[in-house]
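*Asks:* next input, structure requested:
(one chain, ligands or ions: 1)
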Amino acid sequence: MIKYVRRDAETLSDDQWNEFFTNYNNNIIKAKLDDTHPKLIQLKALANEAGRPIVTDFDITGPRIVVTPNFRTFAGDVQAHNNAITEMPVLDYLVNIHYIGMMFPNNPADGTAKKQNHLTNIFLPWHRMFLLEFEEFLGSPSHYWNWYDNQEVPEKMKVANIKDVIKDGNTKFYKDLNRTSESIIDGPSKITNTKAEFKELFTNAWKSLYDSSNIDSFTKISQHIESALHNNMHNAISGDSMSNPIFSPHDPIFWFHHSFVDKIWADFYNTLSDDEKTAITDYPDNEMPFFNKKAKDIKDIKIDQKISYQGLLKDRSLVSNP
Ligand SMILES: [Cu+2]
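*Replies:* Have a look, this model is predicted:
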């Protein structure tokens, strides 16, 4: 049974927004995992394997947010630090899966070893699993910010509105949630100057997924979606929230952004013929950090029949039809 139907944020009813924010507040921010929870045990094992300390606090007293212990210069006993953690808010747990997932090599010599979750061809499948992990804790769908049609952050997701809704439970971050811009065609890192220019850029990037040089290569499709259609959105919003991959899952717009990125992959896959689907043979064989799935097992979005999108494309000439 489909559990999570992800919808265009612009179409959400007040009840659907309330469901999202209520669940976010209760199940992501306020809820904690204790050290008997299998997920926290699993996170500790992954962090110990990567040899990196789990981030346990976000210090916002200075001009910039810093993580403690300082992830990059931590000089203590990593395993002792990790094993001593007794509880953790769900949000911090999610942030750490994402963060520790970055600490694996880009090109492991062994083709089945773990590789990092960005800048490699596990980017799309890893983040697909990450979204589902978020939803399983949230208990409702992570809807999507359709930035092809709407270059502004959805109104209810703007910082001023979020601060009214999301109360700071166990994390410090929301006291200092900041974005440099709430539009991808405005602000210092804007992608284009106008909506029309952005649509053209996006349309060209979308069409190039179907070029003969890309269409049968999962690695190229993944790289293309990551670099052309994912990275610059983070940078355009920027601030401590979205430009830094250590913090980005702390900003709820992260999930809506990534839902749309995942929908682009789902749209692409959904518009291929059966022959085109079977021509793609380069799905990575690597075990993904944290998630016990392989890319080829989740190339169809349904994943255990749990996920669906409103407005999934059936026609490759379209880039949006919510
Ligand atoms: Cu990421």
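*Asks:* list the buried residues in the host helix or strand of Glu49.
*Replies:* Assignment of secondary structure by DSSP states H and E places Glu49 within helix 38-50. Buried residues in helix 38-50, counted by 16 or more other C-beta atoms under 10 Å: Lys39, Leu40, Leu43, Lys44, Leu46, Ala47, Asn48, Ala50. For the C-beta atoms, the positions are set from N, CA and C on the backbone; glycine is no exception.
*Asks:* which secondary structure elements does that helix contact?
*Replies:* strand 32-34, helix 78-83, strand 87-89, helix 90-100 (3 or more C-beta pairs under 8 Å, 6 or more residues apart in numbering; DSSP states H and E).
*Asks:* adding mean pLDDT, distance to Tyr144 and mean neighbour count, write those out as TSV.
*Replies:* Shown next, in TSV, are those (pLDDT from 0 to 100; distance: least, C-beta to C-beta, whole Å; neighbours: other C-beta atoms under 10 Å):
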stretch	mean pLDDT	distance to Tyr144	mean neighbour count
strand 32-34	95	27	16
helix 78-83	94	34	16
strand 87-89	90	24	19
helix 90-100	92	18	25
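*Asks:* looking at those, which is nearest to Ile264?
*Replies:* The minimum distance between Ile264 and those falls on helix 90-100, with 19.4 Å, by C-beta to C-beta.
*Asks:* circling back: nearest to Asn25, of the helices and strands packed on helix 38-50?
*Replies:* Per C-beta to C-beta, nearest to Asn25 of the helices and strands packed on helix 38-50: helix 90-100, 10.5 Å.
*Asks:* tell me the angle the helix or strand that comes right after that closest one makes with helix 90-100.
*Replies:* Sequence-wise, the next helix or strand downstream of helix 90-100 (DSSP H and E) is helix 123-138. With axes from the mean of the first three to the mean of the last three C-alpha atoms, to 10 degrees applied, the angle from helix 123-138 to helix 90-100 works out at 170 degrees.
*Asks:* helix 123-138 packs against which elements?
*Replies:* Packed next to helix 123-138, using 3+ C-beta pairs under 8 Å, 6+ apart, are helix 90-100, helix 218-226, helix 253-270.
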